[in-house]
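Enquirer: I need the structure of the sequence given here:
(one chain, ligands or ions: 2)
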Amino acid sequence: MYDIAIISGDGIGKEVMESAEFLLDKLDLNFNFKYGEAGFECFNKNGTTLPEETVKIAKSCDATLFGASTSTPGQPSPIINLRKKLNAYANLRPIKSYKGVKSIKDNIDFIIVRENTEGLYSQIEYGDDSQVIAERVITRKASEKISDIAFKLAKRRNKQKKVTCVHKSNVLKKTDGVFKESFYNIAKKYPEVKTEDFYVDATAMYLITNPQNFDVIVSTNLFGDILSDESAGLVGGLGLAPSGNLGDENALFEPVHGSAPDIAGKGIANPCSMILSTAMMLDYLGEKETALKINKAVENIVAKGKVLTPDLGGKAKTIEMTEAILKEVI
Ligand code: NAI
Ligand code: MG
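Expert: Ligands and ions are numbered 1, 2, ... in the order given. Modelled structure (predicted):
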């Protein structure tokens, strides 16, 4: 029995979460769902985008599923705060080309491991009208932890067994010096995994010219953020982009996309990012076979091209595509 926190949020977050629950209900596993509120509607009701009760629910569960939230003017982002409160320091974003979906090259299959807690996202900025300064905090501890996650993943993925460290240590000598050094320190623990390191600007180009080179990419917060959006663009966009946020005690899984107000309420959101994020959660929980089956089912339905939502060129509703995927899983 797994306790799962369900935080649907706003807009299509709620619609694709229904697909995730539908899927989990149909599996031959037992789940106990605990529901939490967050986001814009939650703010209008409770005066906060992330109630303490929701954080408590997420902390008490084996894993959390988050849909998407609409940003509330002047209020903090609930998802950024939730990641922080759960100390989910590793942001994992798998990037994969799908048969049937336009992609820059075939056979792209890598994962970006982004440090989620420090770097230029330390939110330490100060100064006056004439000069402002942002602090870029890099700690050896967080750098080693994120590298360790990257090496473990490379081992488990069993593909090229390679980790690429992305940095800019020629300019950011101290901060990225520590990041790169930490990477090679951790590498010593994993002699079976190959290593390489590139500057971030060159990496931005290699992702386009030779994306098949990559297996696992590890980087600091801002570089990881930018490169992962670039990478999602290489393989066909947001409808197929899942993500996970891992910490030592908690884990949170969410589609990369937002609440999509332009299509919310129409029942046409692509459920795949949410379904693939749910598969990542099952993999994290140790249900590897089920996770693989779900990934395969999404691949098959996308490749067949018969039941696709409008963003993938079809006419199907969210529920129809979800049902088609479910039929392939069971
Ligand atoms: P968005 O990801 O919601 O939408 C961007 C475009 O992609 C839209 O045209 C939308 O229709 C399309 N799209 C996104 N997901 C889709 C899906 N599953 N199926 C089909 N089409 C899909 O980003 P946008 O428009 O910049 O932001 C909308 C709201 O969501 C904002 O309030 C933003 O702050 C919030 N947001 C929340 C996130 C989260 O909760 N993690 C992440 C990104 C944005
Ligand atoms: Mg981003």
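Enquirer: Correct me if wrong: residue 294 contacts residue 329.
Expert: Yes - between residue 294 and residue 329 there is a contact at 5.6 Å, judged by C-beta atoms under 8 Å. (C-beta placed from N, C-alpha, C; glycine too.)
Enquirer: Could you pull out the residues contacting both of the two?
Expert: residue 23 (C-beta atoms under 8 Å, 6 or more residues apart in numbering).
Enquirer: now the residue in the chain that ligand 1 sits nearest to, what's its secondary structure?
Expert: Across the chain, the shortest distance to ligand 1 (C-beta to the nearest ligand atom) belongs to residue 258, at 2.4 Å. Put simply, residue 258 is coil when judged by DSSP: H, G, I helix; E, B strand; the rest coil.
Enquirer: The protein: strands as residue ranges?
Expert: Secondary structure of the chain, counting by DSSP state E: strands at 2-9, 31-35, 63-68, 90-96, 109-115, 125-127, 132-134, 162-167, 194-199, 216-219, 242-246, 251-255.
Enquirer: hang on, the earlier thing: can you tell me how far the residue of the chain closest to ligand 1 is from residue 129?
Expert: 33 Å (C-beta to C-beta, to the nearest Å).
Enquirer: Ok, residue 259 next?
Expert: From residue 259 to residue 129 the distance is 36 Å (C-beta to C-beta).
Enquirer: Of those two, which one has the most company?
Expert: Ranked by neighbour count (other C-beta atoms under 10 Å), residue 259 and residue 129 place residue 259 first, with 23 against 5.
Enquirer: give me every residue that touches the closest residue to the more buried one other than its chain neighbours.
Expert: Nearest in space to residue 259, with sequence neighbours left out and distances taken as C-beta to C-beta, 6 or more residues apart in numbering, is residue 11 at 3.0 Å. Residue 11 sits next to 68, 70, 258, 259, 260, 261, 264, 265 when contact means C-beta under 8 Å, 6+ apart.
Enquirer: again with residue 89
Expert: Applying C-beta under 8 Å, 6+ apart, we find residue 89 in contact with 115, 116, 117, 142, 145, 146, 246, 247.
Enquirer: let's see 6 Å
Expert: For residue 89, the contact set (C-beta atoms under 6 Å, 6 or more residues apart in numbering) comprises 116, 117, 247.
Enquirer: likewise residue 182?
Expert: 140, 143, 144, 147.
Enquirer: re the thing from before, so what pLDDT did the residue nearest to residue 259 get?
Expert: Predicted confidence (pLDDT) at residue 11: the value is 98.
Enquirer: how close does the nearest residue to residue 222 once chain neighbours are set aside get to residue 282?
Expert: Counting by C-beta to C-beta, 6+ apart, residue 222 lies nearest to residue 120, which is 4.4 Å off, once chain neighbours are set aside. Distance from residue 120 to residue 282, counting by C-beta to C-beta: 33 Å.
Enquirer: higher neighbour count, the two?
Expert: Shown here are residue 120 and residue 282; by other C-beta under 10 Å, residue 282 has more neighbours (24 against 19).
Enquirer: what residues are up against the closest residue to the more buried one other than its chain neighbours?
Expert: Leaving aside its sequence neighbours, residue 282 sits nearest to residue 291 (C-beta to C-beta, 6+ apart; 4.3 Å). Residue 291 is in contact with 279, 282, 283, counting by C-beta under 6 Å, 6+ apart.
Enquirer: State the distance from the closest residue to the first one other than its chain neighbours to residue 327.
Expert: Right, residue 279. Nearest non-adjacent residue to residue 279, counting by C-beta to C-beta, 6+ apart: residue 294, 4.0 Å away. Residue 294 sits 12 Å away from residue 327, going by C-beta to C-beta.
Enquirer: The two: which is more packed in?
Expert: residue 294 (24 against 13).
Enquirer: interface residues of this protein facing ligand 1?
Expert: Proximity of the chain to ligand 1 (C-beta under 6 Å from any ligand atom) is limited to residues 12, 68-71, 79, 238-239, 254, 257-263, 269-270, 273, 311.
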